[in-house]
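Participant: Structure, please.
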Amino acid sequence: MSASNIPVLTGATLLTDSSVAAVVVVKASSGVIYELELDNTANAAATYLRLYNATSATLGSTQYDGLVYVPASTKITVVITSGVTYGTGICYAATTSATLATTTAPTSAFAIKMVYV
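Facilitator: Below you'll find the predicted structure:
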């Protein structure tokens, strides 16, 4: 038996951000997120990844459309087999609280890898 690489997601892109510091626009048009790898190992406190169905967002006032809790000092992977569609665009940010008014970024590096189309 021989091994081979089989594309499972034609046209997919892997985004890598080693230190989320502000709102990041991933895609300014409709997109689908299939996987998130979130690394909060550098932080002694929990971090919240905010996902926005938008082409821009303002921390503290734009309501997020998705929220992922990442416990302190951990790394998690979220696989979304059917994908989650963001019809307008895809943006994200990381904060220290789920409260909408929070604008505080994690103290240390918070890394994200995202597979999207």
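Participant: got the buried residues for the top strand by length along the chain?
Facilitator: Longest strand in the chain, counting residues (DSSP state E): strand 75-86. Within strand 75-86, the residues that count as buried by 16 or more other Cβ atoms under 10 Å are 83-84, 86. Placement of C-beta: from N, CA and C, glycine included.
Participant: what separates stretch 101-117 from the chain centre, distance-wise?
Facilitator: How far stretch 101-117 lies from its chain's middle: 7 Å, per Cα atoms, centre = their mean, to the nearest Å.
Participant: In PDB, list the C-alpha atoms belonging to that stretch.
Facilitator: Only the C-alpha atoms of stretch 101-117 are listed here, as PDB (Å, rounded to 0.1, in the frame of the first residue of the first chain):
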ATOM      1  CA  ALA A 101     -17.800  45.900  26.300                       C
ATOM      2  CA  THR A 102     -14.400  44.200  26.900                       C
ATOM      3  CA  THR A 103     -11.600  45.400  24.700                       C
ATOM      4  CA  THR A 104      -8.700  44.000  26.700                       C
ATOM      5  CA  ALA A 105      -6.400  41.600  24.700                       C
ATOM      6  CA  PRO A 106      -4.700  38.600  26.400                       C
ATOM      7  CA  THR A 107      -1.500  39.500  28.300                       C
ATOM      8  CA  SER A 108       0.700  37.200  26.400                       C
ATOM      9  CA  ALA A 109       0.600  35.700  22.900                       C
ATOM     10  CA  PHE A 110      -2.600  34.000  21.800                       C
ATOM     11  CA  ALA A 111      -2.200  32.100  18.600                       C
ATOM     12  CA  ILE A 112      -4.800  31.000  16.000                       C
ATOM     13  CA  LYS A 113      -4.800  28.700  13.000                       C
ATOM     14  CA  MET A 114      -7.900  28.700  10.900                       C
ATOM     15  CA  VAL A 115      -8.900  26.600   8.000                       C
ATOM     16  CA  TYR A 116     -11.500  28.400   5.800                       C
ATOM     17  CA  VAL A 117     -12.800  28.700   2.300                       C
END
